[in-house]
Every structure is written in structure tokens, then in C-alpha cells.
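Chemist: the following comprises the amino acid sequence and a computationally predicted model.
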Amino acid sequence: MRRRLLPLLILALGVAVFLALRATRPEPEGAAPGERRWRVETLEATLAEHAPRLTLYGEITAPEAVTVSAPLTARLAERPVRDGQRVAEGELLLALDQADVAPVVARAEARVADLQAQLEAERVGHASDRDALARERELLDNARRRLARIRSLASRDLAASADLDDARDALARARVTVAAREGRIAEHPARLARLEAGLAEARAGLAEARRDAARARVSAPFDGVVGEVSAAPGERVVEGAELLSLYPRDGLELRALVPAPYLAELQAALAEGRRPIAIGEDARFALTGFSGRSEPGGTQAILRLLDGGEALRPGSLVDVRLRRPPVADSLAVPASALYGEGDLYLRDADGRMRRVAVTRHGPVPGPDGDSWVLVSGEALADGQSVIVTHLPNALEGLRVEAADGAAP
């Protein structure tokens, strides 16, 4: 019986001790709930004048390029240059065969000489006609007097009727001869004018032939680069055929489309005498103007190459960063600092987020080499702590603390 009661007593004693300990334990102090703080990186605002950048994409052109065409049909005798070769001013580009050029000039010279001879013959003939007219008029007067004598004799039956007829025929022939001579003399100015006009035309043809002969040998008019070559030595080319092109190395331009929202400020800069600079991978360009026609997406800007760009050729596609007019009292911030179209947050003296509205002006180079965003706003001031960490739950009054190593 005792053996059965002993385990029960031990169990009851353990339960009693547990209850006593539980009843006498100290009550823990309750922890008051605390407000969470979000760790963010900040940037100390320093307002200054900054120039935003505008990325442009365009094509290299050579507006001062010249195309050499064949002045006449001939064989291409020389072409010592090749496509893409750099040439100096005065260097020979091509030459046509003189065996094809010389006869053209000779024919033009012969035409001029022939018309000069005809003109001189006309002048001599006119002088001869005037002398002949004087003699023929004397013969006409003699024929009139002879007819008068024959009539007088015939009226007295001293001359035969046949003699009277002969005298009348002689007078008629004299009159025809004088009329023909007078008509030829009257036509002299017209013949002279026609020959002089022909001579002027022939001289113009000779000038063209000599001009074409001079153009049969083409030298570089400036230091430049040979463009596309379209004919080989020995090939027979027709008049007007394009043989090669040449463009000046310092005359390259970039044509790039500028969106309409940026057009007014860039035109204003040009009107003030400023030339915004655009930087490419290895070249610098200066904005010099805009195309006379607009396109649906904007207007073509004309940017002239200043330096660099040794590998650039007409037709090359390049992208550049155009330095837009500067913005006073502006601040460059990382893109992560911005929310929506134009909001960023400051960390106030109480460690809370305060939203301010800003205006975006475009990208600018950041200190780390990345692209930052240039902003400005009336609420911005020097020394403010701008939050650059992008918080998905950002809202006005959210408690934040600056992370160690944050940007000043």
C-alpha cells in the first residue's frame, strides 16, 4: 500500500512546488513600441550654374565636297589617287587623254578662222560692190543718153527701129544690173550681222573647248580626302560622267535632329553669339545653325567639326552630347533621388523626409562618371540634405537616418 502511495505523493509535491514558483515569479516590464527609421544616403546641396546635356544622333556630311565630272568624251589617261586617299592642294587627281582633247580645240579654232575669213571677204565684197555700183550707174546714164539719141534720130527717120529696140534693151539691162547691185549692198548689214553672230558663237565654242581642255587635267583645289572613285585609267568616259569626289578634311559637319522642345533655347544661344559645343567619342563639334526645313520630330541641327574625329567619313553615324545653355542656381542629383515627374525629398532637422517640387533640365555628367539629372526649384538652397536613396515607400514625414559613408 505504501509503495503505491509514494509516487503519488512525489507527483503532488512537484505540482505544488511548480505552482508556488509560478505564483512568486517577477512580472517582466512591457516594451513600448518604437518608430522605425530608414537608412538613406544623402547629398549636401550646393547650388551653382550647370549646363545640361542633350544627346543627339546624326550623320556626318561634307557640304563643301566637290564632284569631278568629265568635261568631254575621252579616255581617262591618268588617275594617280585612290578612294579614301588624303591629297594636298595642287596634287593631280586625274587627266584625260590629250589625243581626244586636242582635236576638239583644233576644230573650234578652225571654225573661228573660217568665220573670220568669211567676215573679211564680206567686207571686201561690200567695198567692191560700192565701186561697181558707181560704174554701173554710169553705164545706166550712158544707156539713157543713147536711147534719147536713137529716139531723136528715129523721129527724123535717121535710125532704124532695130537700133531703137537695142537701145531700149540696153537701158533695161543697165537698170536690172544697178538694182541687183543696190540690193546686194542693202543686204550687206544683214550678212555682216549674221557672220558676226556666227563668229561670236564660234569664239564661245572655242572658249568652251579651251576650258574643257584645261579641265582635262584636274588638280586638288584644297587639302582633302578623295571620296568615291568611279573610273579607272584607260576607261573611256562620256561627257558629264562623274569620275571622283573630294571633300575638305576640315569641312565635315554633323546633321542631327534636335527635338522641338529644345529648339528655342538653342536658337536664342546662337542669336546671342554663342556656339554650344557637342562632344562625341573622339571629336568636338560646334553648333552653327539649323536646317531651313523642319521634320515631324524636330529640326536638323548643323554642327561643324572642330577637332578630332580622324576616323569620321561622310555617311558615318555618330552620337554626341550637346552642351545646352547653362541654368543658374541648379543642382545635379542622381536619377534615384527623383520621384515622378519632378519631386525629390530632403532630410530635415528632425530626420524626416520633406518633399519639394523641382524642374528637370536634362542629364549632366556626375562625379562618378554616370549620368545625373540637373534640377532647379525655389525650395532648394545651399546646405540642404538631399536624399538620394530611392525608397519605394517614400512619403512626407517618413523618419530616416543618414547611412555611414553617405555622400556629403
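Modeler: Everything's here; your move.
Chemist: which parts of the helix or strand where Val258 lies are buried?
Modeler: Counting by DSSP states H and E, the element that carries Val258 is strand 253-259. Residues of strand 253-259 classed as buried by neighbour count (16 or more other C-beta atoms under 10 Å): Glu253, Leu254, Ala256, Leu257, Val258. Yep, even glycine has a C-beta here, placed from its N, CA and C like the rest.
Chemist: once you drop chain neighbours, what's closest to Glu310?
Modeler: Computed as C-beta to C-beta, 6 or more residues apart in numbering, the closest residue to Glu310 that is not its neighbour in sequence is Asp282, at 7.4 Å.
Chemist: now that neighbour: how far from Gly240?
Modeler: Separation of Asp282 from Gly240 (C-beta to C-beta, to the nearest Å) stands at 39 Å.
Chemist: pop the domain breakdown of the protein in here.
Modeler: 39-50+326-402, 54-62+252-323, 66-98+217-245, 99-214 (automatic domain parsing).
Chemist: centre of the chain versus the longest one, how much separation?
Modeler: In this case it means domain 99-214. 63 Å (C-alpha atoms, centre = their mean, to the nearest Å).
Chemist: now do that domain, average pLDDT.
Modeler: For domain 99-214, the mean pLDDT works out to 89.
Chemist: list the helices and strands the helix or strand hosting Arg168 packs on?
Modeler: Here Arg168 sits within helix 161-215, counting by DSSP H and E. For helix 161-215, the helices and strands in contact under the criterion 3 or more C-beta pairs under 8 Å, 6 or more residues apart in numbering; DSSP states H and E are helix 98-155.
Chemist: re the thing from before, helices and strands around whichever helix or strand comes after the helix holding Arg168, which ones?
Modeler: For helix 161-215, the following helix or strand on the C-terminal side (DSSP H and E) is strand 217-219. Here strand 217-219 touches strand 92-96, going by 3+ C-beta pairs under 8 Å, 6+ apart.
Chemist: rewinding a little: could I get the domains of the chain as TSV with distance to Gly14?
Modeler: Output for the domains of the chain, formatted as TSV (distance: least, C-beta to C-beta, whole Å):
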stretch	distance to Gly14
domain 39-50+326-402	51
domain 54-62+252-323	82
domain 66-98+217-245	103
domain 99-214	129
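Chemist: do you know how far the residue lying closest to Arg144 once chain neighbours are set aside is from Asp97?
Modeler: Excluding the flanking residues, the one nearest Arg144 by C-beta to C-beta, 6+ apart is Leu171, at 6.1 Å. Computed as C-beta to C-beta, the Leu171 to Asp97 distance reads 68 Å.
Chemist: ok now stretch 306-323, how far from the chain's centre?
Modeler: 14 Å.
Chemist: what's the model's confidence in that stretch, averaged?
Modeler: 89.
Chemist: CA atoms only: put it into PDB for me.
Modeler: Only the C-alpha atoms of stretch 306-323 are listed here, as PDB (Å, rounded to 0.1, in the frame of the first residue of the first chain):
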ATOM      1  CA  LEU A 306      36.300  71.500 -84.600                       C
ATOM      2  CA  ASP A 307      38.900  68.900 -83.800                       C
ATOM      3  CA  GLY A 308      39.400  65.100 -83.500                       C
ATOM      4  CA  GLY A 309      37.300  62.600 -85.400                       C
ATOM      5  CA  GLU A 310      40.100  61.200 -87.500                       C
ATOM      6  CA  ALA A 311      38.100  58.200 -88.400                       C
ATOM      7  CA  LEU A 312      35.000  60.100 -89.400                       C
ATOM      8  CA  ARG A 313      33.800  59.900 -93.000                       C
ATOM      9  CA  PRO A 314      30.700  61.300 -94.800                       C
ATOM     10  CA  GLY A 315      27.900  58.900 -94.000                       C
ATOM     11  CA  SER A 316      29.200  58.000 -90.600                       C
ATOM     12  CA  LEU A 317      26.500  57.700 -87.900                       C
ATOM     13  CA  VAL A 318      27.600  59.300 -84.500                       C
ATOM     14  CA  ASP A 319      26.100  60.300 -81.200                       C
ATOM     15  CA  VAL A 320      27.200  63.400 -79.300                       C
ATOM     16  CA  ARG A 321      26.300  65.200 -76.100                       C
ATOM     17  CA  LEU A 322      25.400  68.800 -76.800                       C
ATOM     18  CA  ARG A 323      26.100  71.300 -74.000                       C
END
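Chemist: how about that stretch: buried residues?
Modeler: Gly309, Leu312, Pro314, Val318, Val320, Arg321, Leu322, Arg323.
Chemist: helix, strand or coil for the spatially most central residue of the chain?
Modeler: For the chain, Pro63 is the residue whose C-alpha lies nearest the centre (C-alpha atoms, centre = their mean; 5.0 Å). Using DSSP: H, G, I helix; E, B strand; the rest coil, the structure places Pro63 in coil.
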